[in-house]
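Novice: I need the structure of the sequence given here:
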Amino acid sequence: MVSGEAPQAAGSVRVDVWIWSVRLTKTRSQAAAACRAGHVRVNGDRAKPAQALHTGDEVRLRHDGRDRIVVVSKLVKKRVGPPVAAECFVDNSPPPPPREIALQVPVRDRGTGRPTKRDRREMERLQERGPGPDR
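Specialist: Down below sits the predicted model:
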């Protein structure tokens, strides 16, 4: 074994490397940060970046405000193109929300200034969420 290399079983790859290799995140550091933050689960358990991943494992990733649920079908250690990456996992993710719903932002008329407390409460009521904690 080469010094500085994490011990891995035959036929396995690091979780952060695999997530980056199949293009679920843009960078490997984003994949490792997601693991450290607890946004990656392998077979239901929180995953550390160096955890070994095997074929058949279920990976749940919370990234960009969306849950991705994939089942590993092929292990890769180097970043591959999108057509090859699509063959490396089975995507069981729920469909993303429609763009109209995801991008709803309350719009105020220009020049009306900051919202009053009454305006804020109306906006919260329209967004179907309760008022924030009282200060």
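Novice: From now on I want contacts and neighbour counts done on CA atoms only, so please keep to that.
Specialist: Will do.
Novice: Provide the contact partners of stretch 84-99 at residue level.
Specialist: Residues from elsewhere that reach stretch 84-99 (CA atoms under 8 Å, 6 or more residues apart in numbering): 21-23, 66-76.
Novice: avg pLDDT for stretch 96-114?
Specialist: For stretch 96-114, mean pLDDT rounds to 71.
Novice: swap that for stretch 74-93, sorry
Specialist: Averaged across stretch 74-93, pLDDT comes to 92.
Novice: Can you give me the buried ones in stretch 60-77?
Specialist: By neighbour count with 16 or more other CA atoms under 10 Å, stretch 60-77 contains the buried residues 60-61, 67-72, 74-77.
Novice: contacting residues for R28?
Specialist: If you count contacts by CA under 8 Å, 6+ apart, R28 has them with 16-17, 19-20.
Novice: Need the pLDDT of it.
Specialist: Reading off the model, R28 has pLDDT 93.
Novice: Renumber starting at 104 from here on
Specialist: Sure, I'll start numbering at 104, so the last one becomes R131.
Novice: For the chain, which segments are assigned as helices?
Specialist: With helices called from DSSP state H, the chain shows them at 118-124, 131-139, 185-190, 202-205, 220-229.
Novice: Show me the beta-bridge partners of E161.
Specialist: Bridge pairing for E161 (DSSP bridges) gives the partners V174.
Novice: pretty sure it is in contact with S176, am I right?
Specialist: No. Checked against CA atoms under 8 Å, the pair E161 and S176 is beyond contact range at 9.7 Å.
Novice: Nearest residue to the middle of the protein?
Specialist: By CA atoms, centre = their mean, the chain has its centre lying nearest to H166, at 1.8 Å.
Novice: any idea how far that one lies from G141?
Specialist: Computed as CA to CA, to the nearest Å, the H166 to G141 distance reads 11 Å.
Novice: Let me know how buried the residue lying closest to R182 once chain neighbours are set aside is, in neighbour terms.
Specialist: In this structure, R182 finds its nearest non-sequential neighbour in S124, 3.8 Å apart by CA to CA, 6 or more residues apart in numbering. Using other CA atoms under 10 Å, S124 has 24 other residues around it.
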